[in-house]
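Trainee: Only the shape, not the letters, is given here:
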């Protein structure tokens, strides 16, 4: 399978399944153990929320950027076009991981990415954005099929500027470097190295096959003893 086919298959899988394969259960045969699950920042926390749960999962190569207030010593060096160029240069699809660095007194009222900016992202193959701040135009963007993970929504903003493009960022408890792969759905988001894509897909397939067999056995159980046997992969009888 090529990358496009693997991405299409993984879009049918929820994000917790991806985390299970990436690092959640280090002792499991299907877990790649790519990170220490507790000490490393490889998935998002409760500070950000999925804006469009009905869209299902999105997966893509990460482009990264930082937005903040204009800096008179730096403003004009970077622009939104540099963000678009970074997205455009990656294999498709992409996900933008946008860190917002605004003063605390205004951080919750920066309705940063609206319909026009989102349309620009989508034009260069971006399918979702994760940000540690709010955005706006939620109703208009809903019709576009573009996924957002945000802290919330806000109707307006003041002047802002791009502070970096394709440098590592920290968003919603997750550290992301440009070119990594991000998988996101209503449960949150997870990242992993692009060179592990095939391994993640293979282990997801193995994990799901085993889970379905175990779940079918548990659903038929009528006692704690039967559940125990189901979890061990053993057959059970009415006497158990």
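Mentor: Okay, I see it. Computed from a prediction, not measured in an experiment: that's the story for all the values here.

Trainee: Could you measure from the nearest residue to residue 36 once chain neighbours are set aside over to residue 14?
Mentor: Leaving aside its chain neighbours, residue 36 sits nearest to residue 23 (7.4 Å; criterion: Cβ to Cβ, 6 or more residues apart in numbering). No exception for glycine: its C-beta is placed from N, CA and C like everyone else's. According to Cβ to Cβ, to the nearest Å, residue 23 stands 16 Å off from residue 14.

Trainee: So for the two, which residue has more residues nearby?
Mentor: Neighbour comparison, residue 23 and residue 14: the larger count goes to residue 23, with 21 against 15 (by other Cβ atoms under 10 Å).

Trainee: For my notes, confirm the more buried one occurs in a strand.
Mentor: No - if the criterion is DSSP: H, G, I helix; E, B strand; the rest coil, then residue 23 is helix and not within a strand.

Trainee: and whichever strand in the chain runs longest, average pLDDT?
Mentor: Longest strand of the chain, by residue count under DSSP state E: strand 58-68. In this model, strand 58-68 has a mean pLDDT of 98.

Trainee: just checking, what packs against that strand?
Mentor: For strand 58-68, the elements it packs on are helix 3-10, helix 80-89, strand 94-101, strand 126-131, strand 161-165, strand 169-171, strand 181-185, judged by 3 or more Cβ pairs under 8 Å, 6 or more residues apart in numbering; DSSP states H and E.

Trainee: Generate a markdown table for the ones you listed, with mean neighbour count, mean pLDDT and distance to residue 235 as supplementary columns.
Mentor: Below are these laid out as a markdown table (neighbours: other Cβ atoms under 10 Å; pLDDT from 0 to 100; distance: least, Cβ to Cβ, whole Å):
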| stretch | mean neighbour count | mean pLDDT | distance to residue 235 |
| --- | --- | --- | --- |
| helix 3-10 | 16 | 96 | 31 |
| helix 80-89 | 18 | 98 | 52 |
| strand 94-101 | 24 | 98 | 44 |
| strand 126-131 | 26 | 98 | 43 |
| strand 161-165 | 19 | 97 | 57 |
| strand 169-171 | 20 | 98 | 47 |
| strand 181-185 | 27 | 98 | 35 |
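
Trainee: Mind checking the ones you listed for the one nearest to residue 116?
Mentor: Within those, the stretch nearest residue 116 is helix 80-89; the backing value is 10.0 Å (Cβ to Cβ).

Trainee: Give me the contact list for that closest one.
Mentor: With Cβ atoms under 8 Å, 6 or more residues apart in numbering as the contact definition, helix 80-89 has outside contacts at 63-65, 94, 96, 117, 120-121, 124-126, 162, 165-166, 178.
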